[in-house]
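[1] Provided below are the primary sequence and the corresponding predicted coordinates.
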Amino acid sequence: MLGYMTLGSNNLEAAGKFYDAIAADLGARRTVDNERMIGWGRKGAAGIMVCKPYDGKAATVGNGVMPALAAPDRAAVDKAYQTALANGATDEGAPGERMPTFYGAYFRDPEGNKVCVFHMG
């Protein structure tokens, strides 16, 4: 049902580099790249975009907002989490099984957005 999700950015270039690294771990690639936004996706899956806010004001972190990025397996969750931390993210929950069939990891990107990487199954 979800088509894509956007996260605000105050430094689009840095956000692009951060999410490029994670996208590679998850088998995704850039699908949009212009002066206002950068997006990543995989065929048949919802995408994620970082963008400068349309109203021109500073981007802020939404309390309770969290994109969850699907990974093909548990190893990809682990790798994406480590890549995120190596590229300036902060830990919000190391990889692990949260409930039967749900394996996830949580971090905050360099701008403070909370992100989950997960695998179901």
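    Received, thanks.
[2] helix, strand or coil for A105?
    strand (DSSP: H, G, I helix; E, B strand; the rest coil).
[3] residue contacts, it?
    Contact partners of A105, counting by C-beta atoms under 8 Å, 6 or more residues apart in numbering, are V77, D78, A80, Y81, G93, A94, P95, G96, C116, V117, F118. C-beta: built from backbone N, CA, C; applies to glycine.
[4] which SSE is the fifth one in?
    With elements taken from DSSP states H and E, the one containing G93 is strand 90-99.
[5] list the buried ones in that strand?
    Buried residues in strand 90-99, counted by 16 or more other C-beta atoms under 10 Å: P95.
[6] Ok, stretch 5-15 next?
    So, applying 16+ other C-beta under 10 Å, buried residues of stretch 5-15: T6, L7, G8, S9, L12, A14, A15.
[7] Would you point out the most distant pair within those?
    Maximum pairwise distance in the buried residues of stretch 5-15, criterion C-beta to C-beta, is 16.4 Å, between T6 and A14.
[8] And the strands in this protein, which stretches?
    For the chain, applying DSSP state E gives strands covering 4-8, 29-33, 37-41, 47-51, 68-70, 90-99, 102-108, 114-120.
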